[in-house]
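# coords below, sequence missing:
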């Protein structure tokens, strides 16, 4: 069973949105790379999930939830077999792992993540 393990919130003004979530919910942020991406630390311990604020790349870009899987290729095949589609093929994320973005039968975007 794959559990949601990460979210991404797109922003036209990432700093403003980080200020908002920092003040409203106490989140902390850490920049990742130079590509407009900041990890969101939403709490301590095992409860809940962390995510990210990212520079919006498309006016219609939605919030995306990502599930962790043990085998991203098998999970992608299962998505296709169940009637979903691949929106963005698997790609490597630094030395952390791989991600692919899929679309469910209702048109909702979601991610699949496999750690290295």
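That came through, no problem. Model, not experiment: these values are computed from the prediction.

# neighbours of residue 53, how many?
Residues lying near residue 53 (other Cβ atoms under 10 Å) number 25. All C-beta atoms are positioned from the backbone trio N, CA, C, and that covers glycine.

# quick one: contacts of the helix ranked longest in the chain?
With residue count as the measure and DSSP state H as the assignment, the chain has helix 14-25 as its longest helix. Taking Cβ atoms under 8 Å, 6 or more residues apart in numbering as the criterion, the residues outside helix 14-25 that touch it are 9, 11, 27-29, 36, 38, 40, 42, 53-55.

# just the helices in the protein please.
Assigned by DSSP H, the helices in the chain fall at 14-25, 72-81.

# quick one: buried residues of stretch 70-81?
Judged by neighbour count using 16 or more other Cβ atoms under 10 Å, the buried positions of stretch 70-81 are 72, 75-76, 79.

# okay, domains of this structure per the record?
According to automatic domain parsing, the chain comprises the domains 7-57, 69-116.

# please identify which of the ones you listed is closest to residue 1.
Between residue 1 and the domains of the chain, the shortest gap by Cβ to Cβ is with domain 69-116, which sits at 9.6 Å.
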